[in-house]
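In: next one to model:
(chains A, B, C and D)
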4 protein chains.
Amino acid sequence: MHKLKVAVLGATGAVGQRFIQLLEEHPWFVVNEVIGSGRSAGHPYGEITNWVLDGEIPHSIRHLIVKPLDAELESPLVFSALPKEAAAREMELAEAGHIVCTNASLNRMVEDVPLLLPEANADHIRLIDVQRRNRGWKTGAVVANSNCTAMPVVMALAPLRQFGVRRCHMVSAQAISGAGHPGVASLDILDNMIPYIGGEEEKLETEPLKMLGSFVDNHIEWLNSIMGASCNRAPVIDGHLINISVDLATQPSHEAIIDAWDNFRGPYPVGTLPSAPQKPVMYLRHADRPQTRRDRMNGNGMSTSVGRLRLCPLLGYKFVALSHNTIRGAAGCSILNAELLAVEGYISAFDPQRLVTEKLAL
Amino acid sequence: MHKLKVAVLGATGAVGQRFIQLLEEHPWFVVNEVIGSGRSAGHPYGEITNWVLDGEIPHSIRHLIVKPLDAELESPLVFSALPKEAAAREMELAEAGHIVCTNASLNRMVEDVPLLLPEANADHIRLIDVQRRNRGWKTGAVVANSNCTAMPVVMALAPLRQFGVRRCHMVSAQAISGAGHPGVASLDILDNMIPYIGGEEEKLETEPLKMLGSFVDNHIEWLNSIMGASCNRAPVIDGHLINISVDLATQPSHEAIIDAWDNFRGPYPVGTLPSAPQKPVMYLRHADRPQTRRDRMNGNGMSTSVGRLRLCPLLGYKFVALSHNTIRGAAGCSILNAELLAVEGYISAFDPQRLVTEKLAL
Amino acid sequence: MHKLKVAVLGATGAVGQRFIQLLEEHPWFVVNEVIGSGRSAGHPYGEITNWVLDGEIPHSIRHLIVKPLDAELESPLVFSALPKEAAAREMELAEAGHIVCTNASLNRMVEDVPLLLPEANADHIRLIDVQRRNRGWKTGAVVANSNCTAMPVVMALAPLRQFGVRRCHMVSAQAISGAGHPGVASLDILDNMIPYIGGEEEKLETEPLKMLGSFVDNHIEWLNSIMGASCNRAPVIDGHLINISVDLATQPSHEAIIDAWDNFRGPYPVGTLPSAPQKPVMYLRHADRPQTRRDRMNGNGMSTSVGRLRLCPLLGYKFVALSHNTIRGAAGCSILNAELLAVEGYISAFDPQRLVTEKLAL
Amino acid sequence: MHKLKVAVLGATGAVGQRFIQLLEEHPWFVVNEVIGSGRSAGHPYGEITNWVLDGEIPHSIRHLIVKPLDAELESPLVFSALPKEAAAREMELAEAGHIVCTNASLNRMVEDVPLLLPEANADHIRLIDVQRRNRGWKTGAVVANSNCTAMPVVMALAPLRQFGVRRCHMVSAQAISGAGHPGVASLDILDNMIPYIGGEEEKLETEPLKMLGSFVDNHIEWLNSIMGASCNRAPVIDGHLINISVDLATQPSHEAIIDAWDNFRGPYPVGTLPSAPQKPVMYLRHADRPQTRRDRMNGNGMSTSVGRLRLCPLLGYKFVALSHNTIRGAAGCSILNAELLAVEGYISAFDPQRLVTEKLAL
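Out: Next comes the predicted model:
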């Protein structure tokens, strides 16, 4: 059995490049098709792409000819880094039988689309069955990952659900890479903080409620909690840092909370997936951590680092959370989601177990 | 009548330099003595000082010989930029008859020391009478200005006292200049956010309560309110930006709040002082303002800029406040405080009114 | 007599904004017309402009309605911040009788267009007579200022012409504001140096030769010298810093060179113009100066700071030069050029002398 | 046979930390002793060290107790990240029989100390025999690596020696990590360029001449060439970028030069060493590369990236070179040097070949 062929939608943009980079040596998936805008279609990926990540474009991808957005695709699995405006294409591809793991915001809050963060809500995957029934699809599906700032919030709150999350106040300092490329003009952000990111606070106040909700009776029952968010752009390259205050119903001790974070692993088999970090949530005990630059790559960019748990005079508890916004907060999470879909049998014609078995038999 | 001679304690440090710079063309005060650490004492200021502000050391100051900390001073008015450890000297100087306007944290919370921000609490100046009675001083006094992050909070809240400030939640993004020079190592802050500043959150949770309090029965009655603060260091040079959520008892409309800010002037004669900005609080209506670099110099660095007033799902209202931390948040505020003391007659042997009258008569 | 009405072409862009800002309180000129792209035309300047400078849009300009590029203008004097592609309009306006002082690169190397830097080559102004004769114009003219990096080179070399400038090697570290707004993407420049700026090195190797040339026989005789340039973009907001090595024919002493810089004033009446700095070239004696952030505003952004004069093992002498790229290197220089034109009588219907006399008579 | 035990001098500083990090999974060497200043001696490394690199202190090192500088060491191989002032200790350790691979500047220019960069001058290793004879040492030796800015210059010039390097002009933009921690104050470098680094230009004008020289008659015959350097500090974290102009005797074509770089491998067995990059010099063909942030990690931080080869009107050729200053420019180079010493038999009691053979036999 061979690796599963995958396509990347929006492959020439900043998040698309991160997909290409993270998939380069993936044990199960291999990039087979790259899809870009009208301007780039028809050109070799290595020539038309303005690579904005460190290092160089992976050699294996350079020769691939960029396909237009409306091209028929042969890859069963599609990763989407499309901008919101183009993301309607995702539904068409799912209807045509493709599994679409998307980072776009367009379909996140659609009722029968799972907003998946495996360690926090792997069971939401069952919403795919509902989605297929609703839409008469056999093999296709659309699965979304969250906003890059909502992600660390959910990761930090998931282990605390047991204590009853009643209210949550968030203030972010977000990296420029969250706006893509060219994104934020350097004249706007060097030696500056911008206390506004369009549409971001609304996402932060709703997405976590869906993600932390429960799958019951064929739908997601949202978490019953109040969320308030303030979003700021900071002059850092990667990594979203969030000051969080939280009101917990059962008033646990600080050590109980830290234990909940340190021992959090997510349900089986999430921890066994190739892209899963050893520790989804890491509590850092130094007084001045997590720091954006020093901790964003913890767990290969897939862990959420938390620290500074202390008393909040207003809500009870406060702490700091940090995650890499274009790895775990975007491309890396989509890939982890696809891995979960694969082991759970949602990608017909691909069984990672057989891939592994055959490799061992060689 | 001549300008009043002033001394600057800690003149070679970053805040001390800001005093020198702001006093350069002051209409009432002239720098007459500079006091430094043991290392710098005895040397000309222009030679021993590692000037970290823009431009060059003012010519009129270069030749002054730095005096040691224990030197007897001849200047009636003393500005102090001493570090906390050395600030005990301030009380000795006040006892010796000097008016000491200090930026050090040491004496801020001493019960009979006014923590003065003229627009917000000019009447606290009467605590000087209590201080003098308590200590048997005739002409001396110690007057403090607040922490550089507490300042914009107080400035933004002062006009809202009429609505009943019950609870206030603050998350800061603070400039590196707040830590002085050398202060924050560049390796620690470039492309980074540090979610910790030693001792800062405690100051932010207490100083505003004293500053927003009332002078009654010869003491300050603290504001009855709950404050919660999280402090972060950001890679910006000057300007502290704070995301504030606030719970107001009377639930005013947004326009009522904006009017309160825009019309806020502080009591007479504060607005007539040389260093007073035309508008102590400026509400900026663009969705993405205030921004640290673009708005820190509003009102010559003496105004607090606020913006983004909107609903907070948790506390009712949220907004953003910004001020220049080494101008209004430190040296500039001390100078404004001294101006208020002068017009209120607390600096014996100096009457600004006579200075002006004589000038007109020439 | 009233102030002279001026128009600003490309008024909504970054350099256009700098024109607006610098002209705000100009003693001779008043902004009367703002001209923008198709997108902005018809809207009030204050509403359509994304102000990227510090502070806010000057009040007196906000209500001006942006005119389209092809509008007939009533202002005798026109400042142009047009991009190269649109700068053909400048010649049409000159033909229609306007004095056009332009920052665009398009017309700089046209043989009968003076590339004016008043302290260095005020006599090049006489090329206007040639230009008018050549083209049959009576009152119109086009006068250019140089590239923002060529400017400090010329300013530093002009006082050294007496020593015979044979060869000059330049390596720049240029600010992001040189690329306008949005210009350089923050993802491209934060924590980065980019050793390439399209077309810049060619300008740096030719413009100084014209600017340092002599007006003889109705044309500019270029300086006979060899120039080599390497241009780099650095993560700084304003200020171009250049490491210069130079081969001088007469082998002057270092003190002779420093004296030449310190005493350089340019020919009369340049030093008397309102925007002229007291010292066009300032030699800074500290080992680590000039520094970009600390020295770019020297002389209100109109002085060139030089420092670190020392032996170059290859070319004889090396030193560092720095100037503010959007003040003296762009808008500020255009304004100074216009001031020179005014006092030299090239702007018919406007005589600054009468403006001053009438003011005194009031 | 076990891995060779090594000691790290100056282990708690920034370069010392890089040694610890790079040695963490080294196939031949294992960190056995950490030596620090008086302040840190006696404490566990994990507690006393202010870790300034990304991520966390390697677990295997945390428990090691820091030894004082004058401690007797048991490790045959010693890496030194000592400051210049303390580096006299290196000679004592070599006399006591230790192999000392040092990053300190103190001993670099001592006549019988090899200044080793294996790809460029592996044969200089034979200077150890001279050193031992001179000093009567049997097993000890001191081997230095170069200044972090001289390194990329030498790496770029080594393949060009065949064309006759007559003159070389260098202008650097150097990272803050080159100054260690705390090193450069953030107030000094944010939004700033500093055109001065104490002592750096002198090193850059001499070290390459020794490194590019030949081992003849038991000494190093320096390269006969003239070097001129200007050094600048830039607001980047890691990576020194250098604009280089060079005069080559034989006037090769640009393609001949690029081929020389691309095919450069250094003499056998350098390319087989564990830390050797696949390509010591990489020519990047994009017009705007190498860039500091994007190319510093090329070859795991051990390759020198060059680009922009073009005509220099003054010296003939110019190009840009970039290397990671704390990996190849410091700790990484010392480790590569030690690997070369090991395979060349200079470390008695350790034979990497046996280590490998025994591993295969398991």
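In: which residues touch the residue of the stretch 201-350 of chain A found nearest chain D?
Out: The stretch 201-350 of chain A approaches chain D most closely through residue A:294 (5.1 Å), counting by CB to the nearest CB. Every residue, glycine included, has its C-beta placed from N, CA and C. Contact analysis of residue A:294 by CB atoms under 8 Å, 6 or more residues apart in numbering or on different chains lists B:192, D:53-55.
In: pretty sure residue A:277 sits in a helix.
Out: No. Going by DSSP: H, G, I helix; E, B strand; the rest coil, the assignment for residue A:277 is coil, not a helix.
In: and chain A, which residues reach chain C?
Out: Residues of chain A lying near chain C by CB under 8 Å from any CB of the partner chain: A:14, A:52, A:176-177, A:181-191, A:235-237.
In: restrict those residues to those near chain B?
Out: Applying CB under 8 Å from any CB to those, one finds that A:190-191, A:235-237 fall near chain B.
In: return the member of those nearest to residue D:134.
Out: Using CB to CB, residue A:237 is the member of these that lies nearest residue D:134, at 50.1 Å.
In: can you pull out the helices in chain A?
Out: Taking DSSP state H, the helices of chain A run over residues A:14-23, A:45-48, A:59-62, A:89-95, A:118-121, A:127-135, A:150-157, A:186-189, A:200-211, A:254-263, A:292-295, A:332-343, A:352-361.
In: could you redo these as JSON lines and give each row mean pLDDT?
Out: Compiled in JSON lines, these are given as follows (pLDDT from 0 to 100):
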{"stretch": "helix A:14-23", "mean pLDDT": "95"}
{"stretch": "helix A:45-48", "mean pLDDT": "94"}
{"stretch": "helix A:59-62", "mean pLDDT": "93"}
{"stretch": "helix A:89-95", "mean pLDDT": "96"}
{"stretch": "helix A:118-121", "mean pLDDT": "98"}
{"stretch": "helix A:127-135", "mean pLDDT": "97"}
{"stretch": "helix A:150-157", "mean pLDDT": "98"}
{"stretch": "helix A:186-189", "mean pLDDT": "98"}
{"stretch": "helix A:200-211", "mean pLDDT": "97"}
{"stretch": "helix A:254-263", "mean pLDDT": "98"}
{"stretch": "helix A:292-295", "mean pLDDT": "97"}
{"stretch": "helix A:332-343", "mean pLDDT": "97"}
{"stretch": "helix A:352-361", "mean pLDDT": "74"}
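In: most packed of those helices?
Out: Across the helices of chain A, averaging neighbours per residue (mean count of other CB atoms under 10 Å in any protein chain shown) puts helix A:150-157 on top, at a mean of 28.
In: thinking again about what came up before, and the ones next to chain B among the residues of chain A next to chain C, which are buried?
Out: For those, a neighbour count by 16 or more other CB atoms under 10 Å in any protein chain shown gives the buried set as A:190-191, A:235-237.
In: circling back: most widely separated two among the ones next to chain B among the residues of chain A next to chain C?
Out: Distance extremes for those: the farthest pair is A:191 and A:237 at 15.1 Å, using CB to CB.
In: can you count the residues close to residue A:66?
Out: Applying other CB atoms under 10 Å in any protein chain shown, we find 23 residues neighbouring residue A:66.
In: local confidence estimate at it?
Out: The pLDDT attached to residue A:66 in the predicted structure is 97.
In: with adjacent residues omitted, what lies nearest to it?
Out: Distance criterion CB to CB, 6 or more residues apart in numbering or on different chains; nearest residue to residue A:66, sequence neighbours excluded, is residue A:36 at 4.2 Å.
In: mind listing what the one you found touches?
Out: If you count contacts by CB under 8 Å, 6+ apart, residue A:36 has them with A:10-12, A:16, A:45, A:48, A:66-69.
In: now swap in residue A:235 and tell me
Out: Shown in contact with residue A:235 (CB under 8 Å, 6+ apart): A:176, A:189-193, B:191, B:234-236, C:186, C:190.
In: can you tell me which of those is closest to chain D?
Out: Nearest member of the contacts of residue A:235 to chain D, counting by CB to the nearest CB, is residue A:191, at 4.8 Å.
In: isn't the closest one up against residue D:190?
Out: Yes. Applying CB atoms under 8 Å, one finds residue A:191 in contact with residue D:190, separated by 6.4 Å.
In: who touches both of those two?
Out: Counting by CB under 8 Å, 6+ apart, the common neighbours of residue A:191 and residue D:190 are B:235-237.
In: how about the closest residue to residue A:239 other than its chain neighbours, phi and psi?
Out: Excluding the flanking residues, the one nearest residue A:239 by CB to CB, 6+ apart is residue A:296, at 3.5 Å. Dihedral pair for residue A:296: phi -70, psi -30, per degrees, to the nearest 10.
In: can you list the weak-confidence ranges in chain A?
Out: A:1, A:359-362 (pLDDT under 70).
In: domain assignment for it?
Out: Listed domain ranges for chain A are A:4-147+A:329-361, A:150-324 (source: automatic domain parsing).
In: most packed of those?
Out: domain A:150-324 (a mean of 21).
In: chain center to it: distance?
Out: The chain centroid and the centroid of domain A:150-324 are separated by 12 Å under CA atoms, centre = their mean, to the nearest Å.
In: separation between residue A:349 and chain B?
Out: Distance from residue A:349 to chain B, counting by CB to the nearest CB, to the nearest Å: 44 Å.
In: which single residue of the stretch 201-350 of chain A ends up nearest chain C?
Out: For the stretch 201-350 of chain A, CB to the nearest CB, closest residue to chain C: residue A:237, 5.5 Å.
In: residue C:190 is in contact with that residue, correct?
Out: Yes. If you go by CB under 8 Å, residue A:237 and residue C:190 touch, sitting 5.5 Å apart.
In: list residues touching both of those two?
Out: Shared contacts of residue A:237 and residue C:190, defined by CB under 8 Å, 6+ apart, comprise A:176, B:191, D:293.
In: would JSON lines of these with distance to residue D:75 be doable?
Out: Below are those laid out as JSON lines (distance: CB to CB, whole Å):
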{"residue": "A:176", "distance to residue D:75": "44"}
{"residue": "B:191", "distance to residue D:75": "35"}
{"residue": "D:293", "distance to residue D:75": "36"}
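In: which ones are touching the nearest residue to residue A:39 once chain neighbours are set aside?
Out: Spatially, and ignoring its direct neighbours in sequence, residue A:39 is nearest to residue A:48 (7.8 Å; CB to CB, 6+ apart). By CB under 8 Å, 6+ apart, the contact set of residue A:48 is A:12, A:36, A:39-40, A:66.
In: for residue A:70, see how far away residue A:48 is.
Out: Residue A:48 is 18 Å from residue A:70, where distance means CB to CB, to the nearest Å.
In: likewise residue A:175?
Out: Distance from residue A:175 to residue A:70, by CB to CB: 33 Å.
In: once you drop chain neighbours, what's closest to residue A:156?
Out: Excluding the flanking residues, the one nearest residue A:156 by CB to CB, 6+ apart is residue A:321, at 4.3 Å.
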